[in-house]
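J.: Kindly generate the corresponding structure for this input.
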Amino acid sequence: MKKYFYIIIWILIIGSLYILNKGLFGLSEINTLINEYISLEKIYNISLVFAIIILINSFLNFLFQKLSKNSTKKSISTHMLPILNKVLKTIVWIFGIITIISNLGYDVKALLAGAGIGGLALALASQKTVANIFGAINVLINRPFEIGDKIKISTFEGEVIDIGFIYLRLKLEAGHIVLIPNETITSSAVENFSKKK
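T.: Predicted coordinates:
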């Protein structure tokens, strides 16, 4: 019920800003007066971007909740879906913020170019992290094993406890827990003892 309330509030805000911005219903004088101090068009555009972000994020929450309910408890996707949801929502927010900055009149390309050196250093530092994330996505798509399966990767053999976006947790026969980077999964042969032909 609270979600619908917020949606209605956003619709009213955006609708009111649209009416003011276009000067409808004889509000052209108020439009002119307000625009002397602040741009109604910019406020309307920014509010619209925020509304779209909230709408997309709400849809993602709904979608991932449905996917989570349809997944089994041992499924890798059950453990990774919340993380994937956060990653997608973060991407939505990044694009939203870039759009807002552009609407405020700033040159986004110039800002990105100015941050080029720092961005390059960050990209190099996060190269391993990106490789691990793609490794996790590869496991999610190809599903070479499930939680609870007994597998062998490289020199490690044990039971799959969990797999995140960075590491695979493997419980060895001796009882030790080993964290294996996900990029190792994509570059190594995986033997699954639990899967039968």
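J.: could you point out the longest strand in this protein?
T.: strand 156-163 (DSSP state E).
J.: other SSEs contacting that one?
T.: helix 76-103, strand 150-153, strand 167-172, strand 177-181 (3 or more CB pairs under 8 Å, 6 or more residues apart in numbering; DSSP states H and E). Every C-beta, even on glycine, is put in place using the N, C-alpha and C of the backbone.
J.: try it again with 10 Å
T.: In terms of contacts (3 or more CB pairs under 10 Å, 6 or more residues apart in numbering; DSSP states H and E), strand 156-163 is packed against helix 76-103, helix 127-142, strand 150-153, strand 167-172, strand 177-181, helix 182-187.
J.: Next, format the ones you listed as a markdown table and append mean pLDDT and distance to Asn61.
T.: Compiled in a markdown table, the helices and strands packed on strand 156-163 are given as follows (pLDDT from 0 to 100; distance: least, CB to CB, whole Å):
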| stretch | mean pLDDT | distance to Asn61 |
| --- | --- | --- |
| helix 76-103 | 77 | 7 |
| helix 127-142 | 73 | 19 |
| strand 150-153 | 88 | 32 |
| strand 167-172 | 88 | 26 |
| strand 177-181 | 89 | 29 |
| helix 182-187 | 81 | 25 |
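J.: Tell me how the protein divides into domains.
T.: Here the chain is described, according to automatic domain parsing, as comprising the domains 2-107, 129-192.
J.: possible to save those as CSV with mean neighbour count?
T.: Formatted as CSV, the domains of the chain follow (neighbours: other CB atoms under 10 Å):
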stretch, mean neighbour count
domain 2-107, 14
domain 129-192, 16
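J.: Which residues does stretch 151-160 contact?
T.: Contacts with stretch 151-160, where a contact means CB atoms under 10 Å, 6 or more residues apart in numbering, come from 74, 76, 139, 144-150, 168-178, 180, 184-185, 187-195.
J.: Dig out what the residue nearest to Pro144 when sequence neighbours are not counted forms beta bridges with.
T.: Leaving aside its sequence neighbours, Pro144 sits nearest to Val190 (CB to CB, 6 or more residues apart in numbering; 5.1 Å). Taking DSSP bridges as the rule, Val190 bridges to Ile153.
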